[in-house]
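**Student:** Okay, sequence plus prediction incoming.
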Amino acid sequence: VQGPPAPPPAPWWRTQRERLLRMAAHGTPRYVYNLAVVRERARALNGATAIDRRFFALKANPHPDILRTLQAEGFGFECVSQGELQHVFTVFPQFDPGRVLFTPSFAPRGEYEAAFARGVTVTLDNVEALHNWPEVFAGRKIWVRLDLGRGEGHHAKVKTGGSASKFGLPIAALDAFVARARALDVRIVGVHAHLGSGVDLPKHWQQVYAELAGFADGIGTVEIIDIGGGLPIPYKPDASPFDIAAWAAGLAEIKAAYPRFQLAIEPGRYLVAESGALLLHVTQVVEKDGVRRVGGDAGMNALMRPALYEAYHGIHNLSRLDDARRAEFDIVGPICESSDVLAHSRLLPAATAEGDVLLIADAGAYGYVMANHYNLRDLPHEEAMDGDGIDEP
Ligand code: LLP
């Protein structure tokens, strides 16, 4: 008889509580990344044997220790700007450019030139660039990023397909793109699609592979198919973890059906989100018109996701983790904007008070890297640790 499903393992930060409190004492807001979690996620992805090439979308978190951890697990990097490319070659001066992908959007001509000069793989998603800058592309190998006519993802603002989106070459324009490429002796060796971020459809990636394989056959010179990133993580307490084994099995199945191509992926969030916690100190607890608010020294300046996408992050009072008496609070930051709310109506210890340390969970992706100086507040601190689940004294 099968019993109820096993409860998910306790999040890493519970066992690292003392260490995190000591870190917070050195100043908040502070992002802490647990590299053991990054490594574990990388290995889970590496178990998907159908995948030939893995790129980390470094926009999610370019912290050098994270990049080193992923590089050691065999990942290359997907970059979207000259700054990101420069960063890779600063962290790894001898890095093989063949393991770097440049997938920019509306980048200036000079960034394509610089990318070709470095020898990295360039992805292009419009025909205008081939018309306007023929000398930049002539004789090169490139990948083409396609818009499969739809976007997916956790919020409208992270969908990257369909006619409302600025990304990708529409299928209707593919023939003209291929013809122009041929005229310039440009060889299209890869096709690419990334439909959005936080896609909660397990069969999405195999579907994308199948569609791209059809177009790749038509192009005739394609060797590799990149099905993007977008793997979700369970931000909400009732969400189940992404079934990576089922995902891998689906990819193996579709790859067997279209075996002529190498398969590439470029996830960001899945690899790093759960490794990161944002620590902050409570500044004030205020009740107004029946609403109790806990204010902290981190708000939408330190973590934009709730204000931008109404994103959910678990929030915990690390100073009173086992305090059973709870009360409902909004958690707000110090920024002079009404959107500076990290969470609405959350249960926190009723005794939550000035000086307590709050932990915002799953903040390792699109956290620090999207932080800003608004109101001339300082950027958060960042720190990496390698926690094995056993708290140090
Ligand atoms: N590849 C391309 C071409 C992308 O544009 C992105 C993300 C990725 C891969 C990685 O996607 P991921 O696996 O991380 O979902 N700031 C938003 C997410 C924006 C994603 C932008 N592009 C958020 O915090 O949810």
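**Tutor:** Everything's here; your move.
**Student:** Check the offset of stretch 99-116 from the chain's centre.
**Tutor:** Stretch 99-116 sits 20 Å away from the centroid of its parent chain (CA atoms, centre = their mean, to the nearest Å).
**Student:** any bit of it sitting next to the ligand?
**Tutor:** Yes - interface with the ligand: stretch 99-116 contributes residue 103 (CB under 6 Å from any ligand atom). In this view, the C-beta of every residue, glycine as well, is placed from N, C-alpha and C.
**Student:** any chance you could map the helices in the stretch 101-250 of the chain?
**Tutor:** Using DSSP state H, counting those that start in this stretch, the helices found in the stretch 101-250 of the chain span residues 109-118, 128-132, 134-137, 174-183, 204-219, 244-257.
**Student:** Which positions in the third one come out as buried?
**Tutor:** Of the residues in helix 134-137, those buried by neighbour count under the rule 16 or more other CB atoms under 10 Å are 136-137.
**Student:** what's the answer for the longest one, then?
**Tutor:** Under the neighbour-count criterion of 16+ other CB under 10 Å, helix 204-219 has 204-206, 208-209, 211-213, 215-216, 219 buried.
**Student:** Which single one of those residues is nearest to residue 328?
**Tutor:** Nearest to residue 328, judged by CB to CB, of the buried residues of helix 204-219 is residue 204 at 35.9 Å.
**Student:** Distance of that closest one relative to the ligand?
**Tutor:** Taking CB to the nearest ligand atom, to the nearest Å as the measure, residue 204 falls 12 Å from the ligand.
**Student:** Would you agree that residue is in contact with residue 230?
**Tutor:** Yes - under the criterion of CB atoms under 8 Å, residue 204 makes contact with residue 230 at 7.3 Å.
**Student:** hey, what's in contact with both of the two?
**Tutor:** Taking CB atoms under 8 Å, 6 or more residues apart in numbering as the criterion, residue 204 and residue 230 both touch 152, 195.
**Student:** which ones are touching the closest residue to residue 162 other than its chain neighbours?
**Tutor:** Leaving aside its chain neighbours, residue 162 sits nearest to residue 151 (4.8 Å; criterion: CB to CB, 6 or more residues apart in numbering). Each residue near residue 151 by CB under 8 Å, 6+ apart is listed here: 159-162, 164-165, 195-196.
**Student:** Could you give the number of residues near the nearest residue to residue 109 once chain neighbours are set aside?
**Tutor:** Closest residue to residue 109 apart from its sequence neighbours, by CB to CB, 6+ apart: residue 133 at 5.2 Å. Using other CB atoms under 10 Å, residue 133 has 13 neighbouring residues.
**Student:** before we move on, what about residue 72?
**Tutor:** 11.
**Student:** how close does it sit to the ligand?
**Tutor:** 20 Å.
**Student:** Around the ligand, pick out the residues from the stretch 251-393 of the chain.
**Tutor:** Close to the ligand, as judged by CB under 6 Å from any ligand atom, the stretch 251-393 of the chain has residues 266-270, 305, 309, 365-366.
**Student:** Show me which of those is closest to residue 242.
**Tutor:** For these, the nearest to residue 242 is residue 270 (6.9 Å; CB to CB).
**Student:** Once you drop chain neighbours, what's closest to that closest one?
**Tutor:** residue 231 (3.7 Å).
**Student:** The one you found is in contact with residue 201, isn't it?
**Tutor:** No - at 10.7 Å, residue 231 and residue 201 do not qualify as touching, with contact defined as CB under 8 Å.
**Student:** Mind checking which of the two has more residues around it?
**Tutor:** Between residue 231 and residue 201, counted using other CB under 10 Å, residue 231 has the larger neighbour count: 24 against 11.
**Student:** who's in contact with the more buried one?
**Tutor:** 199, 242, 244, 247, 267, 269-270.
**Student:** Apply 7 Å and report the result again.
**Tutor:** By CB atoms under 7 Å, 6 or more residues apart in numbering, residue 231 lies in contact with 242, 267, 269-270.
**Student:** Also residue 364?
**Tutor:** 33, 61, 272-276.
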